[in-house]
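Q: Pasting the sequence and the predicted model now:
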Number of protein chains: 2
Amino acid sequence: MVKRVEDESLVNIEAGATVTSFDGSPGNFHVELSSGKKFDAEATILATGFTHFDSVNKPEWGFGMFPDVVTTTQVEQMISSGQGVRCPSDGRKPKRVAILLCVGSRDRQIGREWCSKICCTVSANMAMEIREELPDCHVYIYYMDIRTFGLYETKYYWKSQEEFKVKYIKARIAEVTSDGEKLIVKGEDTLVKRPITIPFDMVVHAIGMDPNVENPSIAETFGVDLEEHGHIGAANRYGAMGATSRPGVYVAGAATGPETIDDSIAQGHAAAMAVLSGLKDAVA
Amino acid sequence: MVKRVEDESLVNIEAGATVTSFDGSPGNFHVELSSGKKFDAEATILATGFTHFDSVNKPEWGFGMFPDVVTTTQVEQMISSGQGVRCPSDGRKPKRVAILLCVGSRDRQIGREWCSKICCTVSANMAMEIREELPDCHVYIYYMDIRTFGLYETKYYWKSQEEFKVKYIKARIAEVTSDGEKLIVKGEDTLVKRPITIPFDMVVHAIGMDPNVENPSIAETFGVDLEEHGHIGAANRYGAMGATSRPGVYVAGAATGPETIDDSIAQGHAAAMAVLSGLKDAVA
């Protein structure tokens, strides 16, 4: 996909550049970059995405304190690098892995009330990948609600349980500690209402999507409103798809809130279509 | 939105017509309608949507047997008509309403394994509307998992509980019966592991999205594959957005599986963009 964009003769890419100044009106915006380069634009689409939640902001769950407490992003890197899933402390293959959902999501104590939409499905998929690489490893997913919505239900939730024997446990996790040898997950099993204290070799934080940390300055530069949690505010989609509070400035994907890749792609196309439609109206 | 389409001079609408024949190739398809009309098309987008689950297929939950067991669609009609939420049996204002989630969704016993994606959020919104119209009415939502994903968490799940005092109960519902006066919801509260037998004035089925019942004939006419549950199969979205198994035939929205309105609109735009891009490639 990146190559398709790079090879497109009508697309110019300015990597590593920040927009420092943006003014004008639809059909006639003036843009200045941090490189000093200036150009004009008829419209803009903000596709500025999200920032991963930083697990150090949930200290009682052990990230940053115990090396074998890792994030979904780190496990994805272990898998995609070909190295395989290994405990960072000593490189051993874990025999018991816990994936904790909603790390930085649905958590008012740390100012993250929203649901990050994709972590349940990402975690179900990751659990299957771990089981595929390490068939002797037991994988447990600790959840509040499992949100494998739509067709993900069959492809991830059921498949992970039936074909890959992943265990789902509804629980409130209080803390992740260590007995010097194993990580210890403590909390309450919500269904049987019993305290749990369970040893693991590796604990994975299914980290959520924060608003892009740069959203305040992006909003100021482009003159658009943020919504209550700090995402870029998307207007009612029954009108122009991807409209923001400023005419001629559009938005797509996880810039507006937690979003899947498929829907981000669709919103990108839709915003492009809205730009064309908006420019046609401006000319007419 | 309908009016915007009707008023667009470049759009022709053939209401009440069925496509009876479709052949040719991308850039040059030949279409015949049930009216006998024939025309050519360069591409096609299937936006054929879904069919609501028919609650008579879940007989133990009382629809069709007790007049005060209704569906979310019926309650939406009561609200939008201005009539207000009333018990169909005698027109009285209900004092206690139960909304049952996952009716025709996540239910393998009746061949509906998928999650219908929107019923949790629709039900949370409906519960607030009922409480707004009838402040003395208690509204309970019975659920397996609450799937108000992304930003719906704040706007529907939390708002319905905190501002509107809607009660959420994790439960397995066994049956809906009647004692001659009230409806009786029987099941098990999954969190306290206790049997429940609770009287209500009205029980609302949050009905799911079945594949369009006409999908088998649509698939045959247009020569496209269905996915395993009977929805129209969408190709990998990293390529052309909205592609089906047949070049030149695209798909958008709930035709591909349970979908929100916002995402259906985005996918419609995206499919239109894919058509333009496909035709450009065909010419080049």
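A: That came in fine, so what should we check first?

Q: Mind listing the residues bridging to the spatially most central residue of chain A?
A: Taking Cα atoms, centre = their mean, the centroid of chain A lies closest to A:Met209, which sits 4.0 Å from it. On the basis of DSSP bridges, A:Met209 is bridged to A:His52.

Q: between the longest helix along chain A and helix B:261-283, how big is the angle?
A: In chain A, with assignment by DSSP state H, the single longest helix is helix A:261-283. On the basis of axes from the mean of the first three to the mean of the last three Cα atoms, to 10 degrees, helix A:261-283 is oriented at 80 degrees to helix B:261-283.

Q: sorry, back to before: show me what contacts the residue nearest to the centre of chain A?
A: A:50-53, A:105, A:116-118, A:254, A:258-259 (Cβ atoms under 8 Å, 6 or more residues apart in numbering or on different chains). Any C-beta I mention is one placed from the backbone N, CA and C, and that applies to glycine too.

Q: hmm, 6 Å instead?
A: By Cβ atoms under 6 Å, 6 or more residues apart in numbering or on different chains, the contact list for A:Met209 reads A:50, A:116, A:258.

Q: Tell me which entries of these lie within strands.
A: A:Phe50 (DSSP state E).

Q: filter the contacts of A:Met209 down to the ones near chain B?
A: A:Pro258 (Cβ under 6 Å from any Cβ of the partner chain).

Q: so when I look at A:Ile218, I'm seeing a helix, right?
A: Yes. Under DSSP: H, G, I helix; E, B strand; the rest coil, A:Ile218 falls within a helix.

Q: does A:Ala98 have beta-bridge partners, and which?
A: A:Tyr140, A:Val203.

Q: A:Lys170 - how many residues pack around it?
A: 19 (other Cβ atoms under 10 Å in any protein chain shown).

Q: if we can go back for a sec, name the helices or strands packed onto the longest helix of chain A?
A: Helices and strands touching helix A:261-283, by 3 or more Cβ pairs under 6 Å, 6 or more residues apart in numbering or on different chains; DSSP states H and E, are helix B:261-283.

Q: Can you point out the buried residues in the helix it packs on?
A: By 16 or more other Cβ atoms under 10 Å in any protein chain shown, the buried positions in helix B:261-283 come out as B:262-275, B:278.

Q: Let's verify A:Ala255: helix, strand, or coil?
A: helix.

Q: Wait, it touches A:Gly230, no?
A: No. The criterion here is Cβ atoms under 6 Å, and A:Ala255 misses it with A:Gly230 at 10.9 Å.

Q: which residues of the stretch 1-150 of chain A fall in strands?
A: In chain order, the stretch 1-150 of chain A shows strands spanning A:19-25, A:28-33, A:38-41, A:44-46, A:50-52, A:69-71, A:96-103, A:138-143, with DSSP state E, counting those that start in this stretch as the criterion.

Q: and those, which is most packed in?
A: strand A:96-103 (a mean of 25; mean count of other Cβ atoms under 10 Å in any protein chain shown).

Q: who in the stretch 101-250 of chain A is up against chain B?
A: Residues of the stretch 101-250 of chain A lying near chain B (Cβ under 6 Å from any Cβ): A:113-115, A:117, A:145-147, A:149-151, A:153-154, A:237-238, A:241.

Q: Poorly predicted segments of chain A, please.
A: A:282-284 (pLDDT under 70).

Q: Can you check the distance spanned by stretch A:218-229, start to finish?
A: Taking Cα to Cα, to the nearest Å, stretch A:218-229 runs 15 Å from one end to the other.

Q: ditto for stretch A:108-128
A: Stretch A:108-128 end-to-end distance (Cα to Cα) = 30 Å.

Q: Could you give me the buried positions within that stretch?
A: Applying 16+ other Cβ under 10 Å to stretch A:108-128 flags A:112-128 as buried.

Q: Grab the nearest non-local neighbour of A:Asp210.
A: In space, and not counting its chain neighbours, A:Asp210 is closest to A:Thr51: 4.6 Å by Cβ to Cβ, 6 or more residues apart in numbering or on different chains.

Q: surely that neighbour meets A:Gly208?
A: No. Look at A:Thr51 against A:Gly208 with Cβ under 6 Å: they stay out of range, at 10.1 Å.

Q: quick one on the thing from earlier: how far out from the middle of the chain is the longest helix of chain A?
A: In terms of Cα atoms, centre = their mean, to the nearest Å, the gap separating the centre of helix A:261-283 from the centre of its chain is 23 Å.

Q: Please say which of A:Ala255 and A:Gly230 ends up with more neighbours.
A: A:Ala255 (25 against 17).

Q: residues touching the residue nearest to A:Asp210, list them.
A: A:210, A:212-213.

Q: And for A:Ile198?
A: A:Ile198 touches A:Val185, counting by Cβ under 6 Å, 6+ apart.

Q: where does it fall, helix, sheet strand or coil?
A: Applying three-state DSSP: A:Ile198 is strand.

Q: For it, give its distance to chain B.
A: 20 Å (Cβ to the nearest Cβ, to the nearest Å).

Q: now swap in A:Asp68 and tell me
A: Taken as Cβ to the nearest Cβ, the span from A:Asp68 to chain B is 29 Å.

Q: all helices in the stretch 51-200 of chain A, in order from the N-terminus.
A: A:72-80, A:119-133, A:152, A:159-162 (DSSP state H, counting those that start in this stretch).

Q: Could you pick out the longest strand of chain A?
A: Chain A, longest strand under DSSP E: strand A:167-178.

Q: what pairs with that one, and is each one parallel or antiparallel?
A: By DSSP bridges, strand A:167-178 pairs with strand A:138-143 (parallel), strand A:183-189 (antiparallel).

Q: Give me the contact list for it.
A: So strand A:167-178 is contacted by A:60-62, A:66, A:100, A:140-143, A:183-191, A:203 (Cβ under 6 Å, 6+ apart).

Q: Then stretch A:219-239?
A: A:19, A:22, A:46, A:114, A:211, A:215, A:243-246, A:249, A:251, A:255-257, B:1, B:262, B:265.

Q: Okay, buried residues for that stretch please.
A: A:219, A:221-222, A:224, A:226, A:229-235, A:237.

Q: Most widely separated two among those residues?
A: The most widely separated members of the buried residues of stretch A:219-239, counting by Cβ to Cβ, are A:Thr221 and A:Arg237 (24.0 Å).

Q: before we move on, back to that, quick one: buried residues of the longest strand of chain A?
A: Those would be A:168-171, A:173, A:176-177, for strand A:167-178 by 16+ other Cβ under 10 Å.

Q: List just the nearest of the residues you listed to chain B.
A: Ranked by distance to chain B (Cβ to the nearest Cβ), the buried residues of strand A:167-178 are led by A:Lys170 at 8.6 Å.

Q: give me the beta-bridge partners of the closest one?
A: The residues that A:Lys170 bridges to, once DSSP bridges is applied, are A:Tyr143.

Q: Next, work out how far apart it and B:Lys280 are.
A: From A:Lys170 over to B:Lys280 the distance is 51 Å, taken as Cβ to Cβ, to the nearest Å.

Q: again with A:Thr260
A: From A:Thr260 to B:Lys280 the distance is 27 Å (Cβ to Cβ).

Q: quick one: terminal-to-terminal distance for stretch A:107-125?
A: Using Cα to Cα, the two ends of stretch A:107-125 sit 23 Å apart.

Q: From the chain's centroid, how far away is that stretch?
A: 9 Å.

Q: Then stretch A:53-70?
A: On Cα atoms, centre = their mean, the centre of stretch A:53-70 falls 17 Å from the chain's centre.

Q: again, but for stretch A:163-177
A: 20 Å.

Q: Repeat that for stretch A:118-136.
A: Using Cα atoms, centre = their mean, the offset of stretch A:118-136 from its chain centre is 17 Å.

Q: and if you look at stretch A:157-177?
A: 20 Å.

Q: same thing with stretch A:87-103?
A: 20 Å.
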